[in-house]
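> Predicted model and sequence below, questions to follow.
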2 protein chains.
Amino acid sequence: MLKISKKSDYALMALQHIASVQFGDITPGRVVNTKEIAEEYNIPLELLAKVLQVLSKNGFIESHNGPKGGYLLARSARQITIAQILESIEGPLALTDCSHEKEGEFCMQREHCNIRTPLLKIQDSIYQLLNNMTLGDMLGGTPLITIQSPSTQGVER
Amino acid sequence: MLKISKKSDYALMALQHIASVQFGDITPGRVVNTKEIAEEYNIPLELLAKVLQVLSKNGFIESHNGPKGGYLLARSARQITIAQILESIEGPLALTDCSHEKEGEFCMQREHCNIRTPLLKIQDSIYQLLNNMTLGDMLGGTPLITIQSPSTQGVER
DNA sequence: ATGATCTCCGATCTAAATGGTCGGATAAAG
DNA sequence: CTTTATCCGACCATTTAGATCGGAGATCAT
């Protein structure tokens, strides 16, 4: 349950890879192309390409066309949160259909629904979790995930 | 993204309803049957029936056959966590396929996978979240969800 | 300029999961 | 022994995820 899609998996791997190449010691600033990532992680090329297009359209990476082309991180790895990445691929976080109900949609259970409020709270907490971890945190054997709270600093790993 | 299934929705509603009837002021200890719940919340009867069967098989509720039959909470609402309910309907919490990899399964990305560890951490945190909220918490306008962590006590939202 | 190598974009296919349905077996109350 | 309920398993339809294909438009090296 609560599985994220393969596309999201691929997006995370690709971004992590691009970031690590770009800010790594070996070839800093190097452009990374789709094929390289696909081969490294055994991801179907075309599917990965589509994922990267979305990421580029959403401003996470910038694309450079032509030979020697490829992708480059568009902003700092510390400014990209897991929540942002996942939402850009899979749409807004929503445990239940009614959490972002648009006009015209209708929830048959709504009138007597007894679980909406608590579920929204949980959803909120999950969002915080995902939005407090950045791509930067995923690089290296770095610090890592914490629960956001004024009173909790650096609960590591 | 991260949506829970309708079945889970129904399970939560049903359990909340059963619990609130059973421990409510009006008719404490009353048995609740499937049709009552289905009508109250506009849930397809047969589908709800199947969900309740699973919940009963998993020890959340006990079934009483025959006319005047129905369901009854099998243990205290405070001892039933949201995580338990969801897992009993949708299977174990797993952000990614590789989190509970069995023998014979194989992850093509595994050898160079760079996101497994951080994702497992997130998954863990989500699990804590879901496992710290009980059915009892969902009744009434009660206290509510906290983040479990040795160093974090009562971060309320 | 021309071909090679890329990104870009849209249409399409397949398989699996999900939501929902049906029919009948079994058990208990009246 | 009929009614009312749970139980159980098979089944179908729709949606979504995952993957594929074909080609158009940049860009760079030669």
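Right, received. Where do you want to start? Residues are numbered from 1 along each chain as shown, chains lettered A, B, ... in the order given.
> Quick check: residues of chain A near DNA strand C?
Proximity of chain A to DNA strand C, by C-beta under 7 Å from any atom of the strand, involves residues A:33-35, A:46, A:49-50, A:52-53, A:56-57, A:63-71. Just so you know, the C-beta spots here come from the backbone N, C-alpha and C atoms, and that holds for glycine as well.
> and with 10 Å instead?
Within reach of DNA strand C by C-beta under 10 Å from any atom of the strand, chain A has these residues: A:1-3, A:31-38, A:45-50, A:52-57, A:61-71, A:96-97, A:108.
> Show me the subset of the residues you listed that also lies near chain B.
With the criterion set as C-beta under 8 Å from any C-beta of the partner chain, the members of the residues of chain A next to DNA strand C near chain B are A:1-3, A:96-97, A:108.
> Pull the most distant pair out of these.
Farthest pair in those (C-beta to C-beta) is A:3 and A:108. Separation: 25.6 Å.
> Looking at those two, which has the bigger crowd around it?
residue A:3 (17 against 10; other C-beta atoms under 10 Å in any protein chain shown).
> Please name the nearest non-neighbouring residue to that one.
Spatial nearest neighbour of residue A:3, chain neighbours left out: residue B:94 (5.7 Å); criterion: C-beta to C-beta, 6 or more residues apart in numbering or on different chains.
> How about residue A:108?
With sequence-adjacent residues excluded and distances taken as C-beta to C-beta, 6+ apart, residue A:108 is closest to residue B:42, at 4.1 Å.
> my guess is the one you found contacts residue A:106, does it?
No: taking C-beta atoms under 8 Å as the definition, residue B:42 is not a contact partner of residue A:106, at 10.5 Å.
> Pick out whichever of these two has more residues nearby.
Neighbours per residue (other C-beta under 10 Å) separate residue B:42 from residue A:106, with residue B:42 holding more: 13 against 9.
> Could you tell me the model confidence score at the more buried one?
Looking at residue B:42, its pLDDT is 91.
> With the one 4 residues further on instead?
Confidence per residue is given as pLDDT, and for residue B:46 that number is 92.
> same deal with the one 4 residues further on?
On pLDDT, residue B:50 comes in at 94.
> ditto for residue A:146
45.
> Phi first, then psi, for residue A:31.
Main-chain torsions, residue A:31, degrees, to the nearest 10: phi -80, psi 140.
> just checking, it touches residue A:69?
Yes: counting by C-beta under 8 Å, residue A:31 touches residue A:69, with 6.7 Å between them.
> so where's chain A uncertain?
Scanning chain A with the threshold set as pLDDT under 70 gives A:101-105, A:140-157.
> so the residue positioned nearest the centre of it, which of the three states?
By C-alpha atoms, centre = their mean, the mean C-alpha position of chain A lies nearest to residue A:85, the distance being 2.3 Å. The three-state assignment at residue A:85 reads helix, by DSSP: H, G, I helix; E, B strand; the rest coil.
> isn't residue A:29 right next to residue A:18, touching?
No: judged on C-beta under 8 Å, residue A:29 makes no contact with residue A:18 at a distance of 11.4 Å.
> Looking at the two, which is more packed in?
Remark: of residue A:29 and residue A:18, residue A:18 carries more neighbours, 25 against 9, as counted by other C-beta under 10 Å.
> Residue numbers of chain A in contact with DNA strand D?
Counting by C-beta under 10 Å from any atom of the strand, chain A sits next to DNA strand D at A:3-10, A:31, A:38, A:42-51, A:63-69, A:89-91, A:97.
> In terms of neighbours, single out the busier of residue A:31 and residue A:69.
For residue A:31 versus residue A:69, neighbours defined as other C-beta under 10 Å are more numerous around residue A:31 (17 against 12).
> Now do the contacts for the closest residue in space to that one that isn't next to it in sequence.
Leaving out its chain neighbours, the residue that sits closest to residue A:31 by C-beta to C-beta, 6+ apart is residue A:70, at 3.8 Å. Residues near residue A:70 by C-beta atoms under 8 Å, 6 or more residues apart in numbering or on different chains: A:31-34, A:36, A:63-64.
> Just the buried subset of those, written out for ChimeraX, thanks.
This is how ChimeraX selects the buried members of the contacts of residue A:70, with burial counted by 16 or more other C-beta atoms under 10 Å in any protein chain shown:
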select /A:31,32,33,34,36,63
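> Let me know the closest of the contacts of residue A:70 to residue A:139.
For these, the nearest to residue A:139 is residue A:32 (14.4 Å; C-beta to C-beta).
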